[in-house]
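J.: using only what follows, build the 3D model:
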Amino acid sequence: MKAIVFDFDGLIVDTESVWFDVFKEVMIEYDCDLKIEDFAICIGTTDDILYERLAQIAHKPIDRTEISQKTRERYQDKMSHLQLREGVLDYLQTAKNLGLKIGLASSSSRRWVEGFLERFGIKEFFDVIKTSDDVKRVKPDPELYLRVIQDLGVEGHEALAFEDSKNGLTAAIKAGLHCVIVPNPVTSFLDFSGHLHRLSSMGEIGLHDLLALVEAKLVK
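T.: Have a look, this model is predicted:
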């Protein structure tokens, strides 16, 4: 492998579980018991899919603007508790030491992503960062990954993607990358058919050992 490419939300920082909690709280006001499987369909892509689903399952007419405002207010109250997921910093440091190129491909906005990267002091690890601001179509479309590997100067098969969502996995595979799945509590139940390997967290195995395992799988 010449490069590794990270997703952001739910993978580097588990923002997804917090978003699910606040959406579930708000939707109670619409007589809606939001299930994790309904929320998970939007993970890794735009919120449009989620709001379409909410309109189907809510027992009252939904007001997207009102829901968005309420969820963001509640999210702000919980943001201070967010931390890097286990093993993320070790993976970034090891990748640099190994001379690997490091990219980031996120369906979220650049402002959102870089705010967290700067907060945790890890922005400088990334050689290339692509967000929804840089593409016409976000995941599951492969455009984000294609833009990242192009700017990294590698072919898809020379890069390993790390994802936590089905939409992200689909995008990575379509772009020709191999993909390791590191689900969070909100995505752990999803069908990740087509992934190369699955981890409970990046703390499960070091990057050096993971790369050796991945190479062994690819030569079989």
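J.: which stretches in the chain count as helices?
T.: Per DSSP state H, the chain carries helices over the ranges 15-27, 36-40, 48-57, 64-78, 88-97, 110-119, 143-152, 166-174, 207-219.
J.: for stretch 127-136, buried residues please.
T.: 127-132, 134-135 (16 or more other Cβ atoms under 10 Å). Just so you know, the C-beta spots here come from the backbone N, C-alpha and C atoms, and that holds for glycine as well.
J.: D14 touches L82, doesn't it?
T.: Yes - using Cβ atoms under 8 Å, D14 is in contact with L82, at 7.2 Å.
J.: neighbour count winner among the two?
T.: D14 (20 against 16; other Cβ atoms under 10 Å).
J.: show me what contacts that one?
T.: Residues near D14 by Cβ atoms under 8 Å, 6 or more residues apart in numbering: 82, 85, 184-185.
J.: point out where the protein drops to low pLDDT.
T.: Scanning the chain for pLDDT under 70 picks out no residues.
J.: ok, now with 80
T.: 41-46, 220 (pLDDT under 80).
J.: contact partners for V182?
T.: So, once contact is read as Cβ under 8 Å, 6+ apart, V182 ends up touching 11, 85, 162-164, 198-202.
J.: for V18, the count of nearby residues, please.
T.: By other Cβ under 10 Å, 19 other residues sit near V18.
J.: what sits closest to it if chain neighbours are left out?
T.: Setting aside the residues directly before and after it, V18 is nearest to K78 in space (Cβ to Cβ, 6 or more residues apart in numbering), at 5.2 Å.
J.: surely the one you found is in contact with F20?
T.: No - in this structure, K78 is not within contact of F20 by Cβ under 8 Å, at 11.5 Å.
J.: and these two? which has more neighbours close in?
T.: F20 (21 against 14).
J.: how near is the more buried one to A95?
T.: Distance, F20 to A95, by Cβ to Cβ, to the nearest Å: 29 Å.
J.: returning to that earlier point: looking at the contacts of V182, state which has the most neighbours.
T.: E163 (30 neighbours).
J.: in contact with it, which residues?
T.: Contacts of E163 by Cβ under 8 Å, 6+ apart are 7, 11, 44, 169, 172, 179-182, 195.
J.: what's across from it in the sheet?
T.: Taking DSSP bridges, one finds I181 as the beta-bridge partners of E163.
J.: can you report phi and psi for F120?
T.: phi -100, psi 0 (degrees, to the nearest 10).
J.: quick check: phi and psi at the closest residue to V182 other than its chain neighbours.
T.: Closest residue to V182 apart from its sequence neighbours, by Cβ to Cβ, 6+ apart: L199 at 4.8 Å. For L199, the backbone dihedrals (degrees, to the nearest 10) come out as phi -120, psi 150.
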